[in-house]
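S.K.: what follows is a predicted structure for the sequence shown.
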Amino acid sequence: MNVGDRQIYKGAILSLVLEQHGLPNGRQGEFEVVRHPGGAAILPLLDDGRVVLIRQLRPVLGKVLWEIPAGRLEADETPEQCARRELREEAGYRAGRLEKLGEMLTAPGFCTEVVHLFVARDLQPVHSAPEEDEVIEVFTFAREEALAMVRRGEIGDGKTQLALLLLPE
């Protein structure tokens, strides 16, 4: 039970709060919590069964990663709206159908972020519009090859790994 908190930092995409919680054993603990609005991630599935992956520069890590399109929820945006927006912006597709695959807690020990995972079907190509700070390339792979990339350690992004594993046969 949260019995008090103190905001340490508030930025454009997250805030850091010190929270005091009463614990089931009767003690109290102080927790550093990153509050994040959550996001949506989309596994685009082409009609022939191939999946769409992006290679995106991640300056924080200093490298380029294989990922599925994803982004942060904007104010008053549903996870489905976010998924449709990010699919268009990052991969250049519009989905005829979106199906929920599940949800992922990215770091439940210190962060409130929940990523909503979707598969996008009945895709139509549209003009992509990545944000100014996004450097993205779009590729397609057979599902089996994408799963092999996960097993070989070439796809280290957790939301991408989980979406590929949750995709129904």
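M.R.: Here it is on my side, so go on.
S.K.: can you give me the pLDDT of Ser128?
M.R.: pLDDT, Ser128: 89.
S.K.: residues contacting the helix or strand encompassing Val17, please?
M.R.: Element membership of Val17 [criterion: DSSP states H and E] is strand 15-22. Residues outside strand 15-22 that contact it (CB atoms under 8 Å, 6 or more residues apart in numbering) are 1-9, 28-35. (C-beta placed from N, C-alpha, C; glycine too.)
S.K.: which among those end up buried?
M.R.: Neighbour-count burial (16 or more other CB atoms under 10 Å) is assigned, among the contacts of strand 15-22, to Val33.
S.K.: could you chop the protein up by domain?
M.R.: 2-35, 39-166 (automatic domain parsing).
S.K.: OK, contacts around Cys82?
M.R.: Counted by CB under 8 Å, 6+ apart, Cys82 has contacts 39-40, 71-74, 116.
S.K.: what's the first-to-last distance across stretch 96-114?
M.R.: 24 Å (CA to CA, to the nearest Å).
S.K.: run the chain-centre distance for it.
M.R.: Distance, stretch centre to chain centre, for stretch 96-114: 7 Å (CA atoms, centre = their mean, to the nearest Å).
S.K.: average model confidence for it?
M.R.: Averaged across stretch 96-114, pLDDT comes to 97.
S.K.: buried stuff in that stretch?
M.R.: In stretch 96-114, counting by 16+ other CB under 10 Å, buried: 98, 101, 104, 111-114.
S.K.: quick one on the thing from earlier: quick one, whichever helix or strand comes after the strand holding Val17 and strand 15-22 angle?
M.R.: Using DSSP H and E, the helix or strand that follows strand 15-22 in sequence is strand 28-35. Orientation check (axes from the mean of the first three to the mean of the last three CA atoms, to 10 degrees): strand 28-35 against strand 15-22 gives 150 degrees.
S.K.: check which helices and strands strand 28-35 sits against.
M.R.: In this structure, strand 28-35 makes packing contacts with strand 2-10, strand 15-22, judged by 3 or more CB pairs under 8 Å, 6 or more residues apart in numbering; DSSP states H and E.
S.K.: and those, which one averages the lowest pLDDT?
M.R.: strand 2-10 (a mean of 85).
S.K.: can you map out the helices along the chain?
M.R.: Counting by DSSP state H, one finds helices in the chain at the ranges 79-86, 143-151, 158-166.
S.K.: distance to Arg121 and mean pLDDT added to those, as JSON lines?
M.R.: Formatted as JSON lines, the helices of the chain follow (distance: least, CB to CB, whole Å; pLDDT from 0 to 100):
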{"stretch": "helix 79-86", "distance to Arg121": "12", "mean pLDDT": "98"}
{"stretch": "helix 143-151", "distance to Arg121": "13", "mean pLDDT": "98"}
{"stretch": "helix 158-166", "distance to Arg121": "13", "mean pLDDT": "98"}
